[in-house]
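Asker: Got a predicted structure plus its sequence, pasted below:
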Amino acid sequence: MFVFYKVFLSNVYNLLWRKLWLGALGFMLLRQGVVFAQQPQIKVYADSSSILIGEQFHVYLDITLSPAYRLQGYALPDSFNHVEVVRRHPGDTLLVNGEKHFQQVFTLTSFDSGRWVIPAFPVVFTSANPIDTVHLILQTDSLWITVHTVPVDTTQPFRPIHKIWPVKLTWKDFLPYIVALLLLALLIIVASYIWRHRRKKAQLATIQQPAQPPYEEAMQLLKQMLETQSWMHVEMKMYFTQLTDVLRRYIERAFQIPAMEMTSAELLQSIQQDAILQSTLNEWKIILQEADQVKFAKWLSAEVIAEDCLHKAIHIVETTHRAQEAQQQVAHQKAQAETQ
Amino acid sequence: MEQATADIRSLNEQIHQASAFVDLLNLEMSKVIVGQKYMLERLMVALLSQGHVLLEGVPGLAKTLAIKSLAACIRAHFSRIQFTPDLLPADVIGTMIYNQQQNNFIVRKGPIFANFVLADEINRAPAKVQSALLEAMQEKQVTIGDQTFQLEEPFLVLATQNPIEQEGTYPLPEAQVDRFMLKVVIGYPSKEDEIKIIRQNIQPDGLPTVQPVVQPHDILQARNLVRTVYMDEKIEKYIIDIVFATRQPSEYKLAKLSPLIAYAASPRASINLALAAKAYAFIKRRGYVIPEDVRSVCYDVLRHRIGLTYEAEAENITTENIISEILNVVEVP
């Protein structure tokens, strides 16, 4: 009795389980039918079915889908079955009577002669409802493309390959360079203008005193030394350095002799060779010898000698200046006489 | 201050007396050497300042005669080494030789053991011989085997270089050249001097012989005095300015020299310039240095211590040109 009940209950359980499974299957089918009621339409076609080797052709992918679907993507590889995708043009979407029309163009080519198939590729759709995660995958049609080789007329003789033909340059080719040159020239003009402007400003800011003539400068300094009796107040070495510097600077400016860079012997030699200065050679000798001993041998020159050297220096400057003026006057008169 | 002045005055007098032999020496030398006053003066400078001379000049300019006569005038020992490519260091400094009678090694001193050594055409010998000589010059001593010998003072090396026929020579490296205090370039004598040279050489009695007028110890005493010659700080500054103008020409308004100088004068140049200027002042019988002394020896002290760039060589610019430019710009104190 117990065994009978057990078998009975087991049969009832199995029956119920099968019905449940069948019910679930029916529900799923029903649901599927509701969701994909209007399936998207896919159309693939090419603008040419035969090309020359390396020639490009276009493949059009047209998809029409209802608002219930969303296009997720499609998988067309870059290279497949002797065919290569050269360019993927941007997709174009249109909304007509509540339906979405999607179109994309692909530029393809092939470098192998033969008859090649562009295989079907999958296009994936999802439900517009974000809660629904079911995908719909549709396959496109496959296409054939025939790739021909270039026909060679073997009856004609073979000729060498043409050399590269030079491309004729047009003004457009030079345009970027011309523009760059113009810009550079403009930049230089602007920079030089700014620089000049600033320089002018700087020049205006400093008022330069006109340089004192060499005679006046030397006499002013020597008289100042004489008035202050500087041989009594400053160190003898310093005094003779100042004295010789004034004299050297004077003949450097007035007679264009680079006296500041000359030794005493070289200076005396130059003085000897100058028509105006040679009359003062002995005075120069005395001053320079005394100065050299004071400057380089710690010689303590007597105050009388130091003062005498200063007087000699003044005499040198005055004498040579007068002689130089006289010489200039003679030259001027001569020039005037020549012009008259 | 007065004390210092008195010191310099007494020094001046002392030097004036001590340097009297210079005139005697010049007088005696002029018996055989005609028209090479510049070279003789430089030899004296080097002798008095313990330096050595690198002499550059074509053959036949009385280089050997000058140093031989100088040695004779000072009663000093003279030797000459002709540098050749197969010369060995032992040929210069000496070697140990086996004595069969005594059954031992004895030292055979080389020609470097002399007071005045003429290293003729030094650039014809390989570097190892050159460095053996230059080391002896620097150290003033020679080691043969396990014995070290001091070289007798005064010791002056006069090395010559021939400016022509440079093929197959071993030019002295800069570091070695720097060890010579002076590099003297000598030229041909004047017409008048050359006439005197001809007459002197073809006279029936031959060349006159020089007599010793100075003793070596006089030279050694003079050397000590040379170092006491007073050099004012203005002169020191002048020397420094000249040397620094070779290093930083742009600081002396000589920027145009910068691309021409590969390497500048070393501190050894400053030392030697000061020392040579003192010796020159001594020869001029002065107890103090004046700018003329510095300028007189400047070319000889600096010409081998300034390196020229390829750019300078391509433009035929010499170190003399560079020194002239510097001397024309640096202010004399």
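Answerer: Structure's in. What do you need?
Asker: From now on I want contacts and neighbour counts done on CA atoms only, so please keep to that.
Answerer: Will do.
Asker: Report the spatially nearest residue to the residue of the stretch 101-250 of chain B at minimum distance from chain A, omitting neighbours in sequence.
Answerer: With Cα to the nearest Cα, the shortest gap between the stretch 101-250 of chain B and chain A falls at residue B:232, namely 5.3 Å. Leaving aside its chain neighbours, residue B:232 sits nearest to residue A:296 (5.3 Å; criterion: Cα to Cα, 6 or more residues apart in numbering or on different chains).
Asker: Identify the residues contacting residue B:85.
Answerer: By Cα atoms under 8 Å, 6 or more residues apart in numbering or on different chains, the contact list for residue B:85 reads B:124-126.
Asker: To clarify, my last question referred to residue A:136.
Answerer: With contact taken as Cα under 8 Å, 6+ apart, residue A:136 is in contact with A:124-126.
Asker: is it possible to export the residues you listed to TSV including neighbour count, secondary structure and distance to residue A:318?
Answerer: What follows is these, written out as TSV (neighbours: other Cα atoms under 10 Å in any protein chain shown; DSSP: H, G, I helix; E, B strand; the rest coil; distance: Cα to Cα, whole Å):
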residue	neighbour count	secondary structure	distance to residue A:318
A:124	16	strand	112
A:125	21	strand	113
A:126	18	strand	114
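Asker: For stretch B:200-218, list every residue counted as buried.
Answerer: Using 16 or more other Cα atoms under 10 Å in any protein chain shown as the burial criterion, the residues of stretch B:200-218 that qualify are B:200, B:210-212, B:214, B:216.
Asker: I'd like to know the average pLDDT value across stretch B:243-256.
Answerer: If you average the pLDDT over stretch B:243-256, you get 88.
Asker: picking up where we left off before, let me have the buried residues of stretch B:200-218 in a markdown table, adding pLDDT and secondary structure as columns.
Answerer: Output for these, formatted as a markdown table (pLDDT from 0 to 100; DSSP: H, G, I helix; E, B strand; the rest coil):
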| residue | pLDDT | secondary structure |
| --- | --- | --- |
| B:200 | 78 | helix |
| B:210 | 81 | coil |
| B:211 | 83 | coil |
| B:212 | 83 | coil |
| B:214 | 84 | coil |
| B:216 | 83 | helix |
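Asker: need the residues you listed in TSV with distance to chain A, can you?
Answerer: Listed next are the buried residues of stretch B:200-218 as TSV, based on distance: Cα to the nearest Cα, whole Å:
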residue	distance to chain A
B:200	34
B:210	33
B:211	34
B:212	34
B:214	29
B:216	29
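Asker: Show me what from the stretch 201-340 of chain A comes close to chain B.
Answerer: Selection of the stretch 201-340 of chain A residues close to chain B by Cα under 8 Å from any Cα of the partner chain yields A:260-265, A:292, A:295-300.
Asker: do that again at 7 Å, thanks
Answerer: For the stretch 201-340 of chain A, the residues in contact with chain B (Cα under 7 Å from any Cα of the partner chain) are A:260-263, A:296-300.
Asker: now, which of the residues you listed sits nearest chain B?
Answerer: When these are compared for distance to chain B (Cα to the nearest Cα), residue A:261 comes out closest, at 4.5 Å.
Asker: Who are the contact partners of that closest one?
Answerer: Taking Cα atoms under 7 Å, 6 or more residues apart in numbering or on different chains, we find residue A:261 in contact with B:328-332.
Asker: Skip the chain neighbours and tell me the closest residue to it.
Answerer: residue B:331 (4.5 Å).
Asker: Output the longest helix belonging to chain A.
Answerer: For chain A, the longest helix by residue count, based on DSSP state H, is helix A:303-339.
Asker: give the contact list for residue 119.
Answerer: I'll assume chain A. Residue A:119 sits next to A:142-143 when contact means Cα under 7 Å, 6+ apart.
Asker: nope, chain B please
Answerer: Counted by Cα under 7 Å, 6+ apart, residue B:119 has contacts B:80-83, B:158-160.
Asker: you'd agree it is in a strand?
Answerer: Yes. Assigned with DSSP: H, G, I helix; E, B strand; the rest coil, residue B:119 falls within a strand.
Asker: so what's it bridging to?
Answerer: With DSSP bridges as the criterion, residue B:119 is bridged to residue B:81, residue B:159.
Asker: And the helices in the stretch 151-300 of chain B, which stretches?
Answerer: Here the stretch 151-300 of chain B has its helices, by DSSP state H, counting those that start in this stretch, at B:174-177, B:191-202, B:216-228, B:233-247, B:267-283, B:291-302.
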